[in-house]
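Novice: 3D model of this:
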Amino acid sequence: MTRSSQHALPPERARLAAALRDLRTGTGLSLAALSTKTTFSKSSWERYLNGKSLPPSRAVRELCSLAGEPEGRCLALWELAESEWSGRAAARPTDASVPADPPDTDAAGHPAGGRGTVMAILASVCAIAAGGLSVALVLLAGHTGDGRPSAPPSSAPAPRCRGATCEGQDPMPMKCGTHPLTLASHRTSTGAHLELRYSAECGAGWARMWSTRIGDRLELDTADEGTGRPQSAEITDGIAAQSYVYTPMTEARRGATVRACFRPVAGGSRECFEARV
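Specialist: You can find the predicted model right below:
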């Protein structure tokens, strides 16, 4: 896929594709291995992960299951992408008689079965977003907003690092991003959204950003002397600008203060915020 075609992706499909790529990275599977463990072919997964075509919701559920991740957020992203792709987002009925969604199909075009999309997404979001929070908050913020992790399922994978061994690692493949705490949130003057995240199981923190622009940069450090090194992430292309982008992790002991600083590409002022673990 060329860079120009990446830029042309609808934003909701780009967000979904980025989330699926994170999940695939977490499984450690190649496309060929992924095809043997799911009902979808290697070529289908290549299209889904690059946003060339919209996957059926069954593919999203199967990938979440392989990665050991809750499926609620990705199904919510899928619902937005499907609405955008089908035109339902622009022509949503105003009364209660919302037509049923078409059935999923697999790579060969056969029905994939499963419950209706609307019921699946509502059930999944309710399972991970306690307290009656709106679906929009789950979709756009990617967390429950109250700073508490949702209860881990029995099949949650064990973290692959702890403390100093997490230094500089990506939280997703290290399984530290499954049930993190949101320590603090900030919205910049340019409209970017920032969060400081922390995994008690991994003893490490990181920062993430979305609604950004190419060239924006996020920096992370900790005030806990003797532990943790500065980490950073930069928006390098249009797909990243439409998705969540994470800094690598830094070791963060309980009681430590972690700080994130945002540097906008447009030459605006540096914005920082911090939180105590």
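Novice: quick one: classify the closest residue to Gly68 other than its chain neighbours as helix, strand or coil.
Specialist: Of all residues not flanking Gly68 in the chain, Pro157 sits nearest, at 3.9 Å (Cβ to Cβ, 6 or more residues apart in numbering). (Each C-beta comes from the backbone N, C-alpha and C, glycine too.) Of the three states, Pro157 takes coil under DSSP: H, G, I helix; E, B strand; the rest coil.
Novice: run through the stretch 51-200 of the chain and note the low-pLDDT ranges.
Specialist: 88-156 (pLDDT under 70).
Novice: can you give me the strands in it?
Specialist: 181-187, 193-199 (DSSP state E, counting those that start in this stretch).
Novice: tell me which of these sits nearest to Gly26.
Specialist: strand 193-199 (13.9 Å; Cβ to Cβ).
Novice: how about that closest one as PDB, C-alpha atoms only?
Specialist: What follows is strand 193-199 as a C-alpha-only set of coordinates in PDB (Å, rounded to 0.1, in the frame of the first residue of the first chain):
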ATOM      1  CA  HIS A 193      -5.700  14.200  23.200                       C
ATOM      2  CA  LEU A 194      -3.100  12.800  25.600                       C
ATOM      3  CA  GLU A 195      -3.100  10.300  28.400                       C
ATOM      4  CA  LEU A 196      -0.600   9.000  30.900                       C
ATOM      5  CA  ARG A 197      -1.100   5.200  31.300                       C
ATOM      6  CA  TYR A 198       0.300   2.800  33.900                       C
ATOM      7  CA  SER A 199       0.300  -1.000  34.400                       C
END
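Novice: how far is it from where the chain is centred?
Specialist: Strand 193-199 sits 12 Å away from the centroid of its parent chain (Cα atoms, centre = their mean, to the nearest Å).
Novice: direction included, what does the helix or strand following that strand pair against?
Specialist: Using DSSP states H and E, the next helix or strand after strand 193-199 towards the C-terminus is strand 204-210. Partners of strand 204-210 in the sheet, by DSSP bridges, are strand 193-199 (antiparallel), strand 245-246 (antiparallel), strand 250-251 (antiparallel).
Novice: so which of these gets nearest Pro10?
Specialist: Of these, the one closest to Pro10 (Cβ to Cβ) turns out to be strand 245-246, at 18.7 Å.
Novice: run the chain-centre distance for that closest one.
Specialist: 9 Å.
Novice: just stretch 65-78 next, same as before
Specialist: With Cα atoms, centre = their mean, you get 9 Å for stretch 65-78.
Novice: ok, now stretch 44-61?
Specialist: 15 Å.
Novice: what does stretch 269-277 give?
Specialist: Distance, centroid of stretch 269-277 to centroid of chain: 22 Å (Cα atoms, centre = their mean).
Novice: show residues contacting that stretch.
Specialist: 183-184, 186, 188-189, 194, 196, 198, 205, 223, 252-263 (Cβ atoms under 8 Å, 6 or more residues apart in numbering).
Novice: what of stretch 169-180?
Specialist: Contacts for stretch 169-180 (Cβ under 8 Å, 6+ apart): 22-23, 25-26, 28, 68-70, 143, 149-150, 152, 156-161, 166, 197-199, 201-202, 204, 206, 246, 248-249.
Novice: hmm, try it at 6 Å
Specialist: 22, 25-26, 149, 152, 156-157, 159-161, 197, 199, 202, 206, 249 (Cβ atoms under 6 Å, 6 or more residues apart in numbering).
Novice: mark which of these are buried, thanks.
Specialist: Asp22, Gly26, Pro149, Pro159, Cys161, Arg197, Ser199, Cys202, Trp206, Met249 (16 or more other Cβ atoms under 10 Å).
Novice: my guess is the second one contacts Ala67, does it?
Specialist: Yes - the pair Gly26 / Ala67 is scored as a contact, 4.5 Å apart, by Cβ atoms under 6 Å.
Novice: state the distance from Ile214 to Gly163.
Specialist: The spacing between Ile214 and Gly163, counted by Cβ to Cβ, to the nearest Å, is 34 Å.
Novice: ok, Leu196 next?
Specialist: For Leu196 relative to Gly163 (Cβ to Cβ), the value is 18 Å.
Novice: same drill for those two, tell me which one is more crowded.
Specialist: A direct count of neighbours by other Cβ atoms under 10 Å for Leu196 and Gly163 places Leu196 higher, at 25 against 14.
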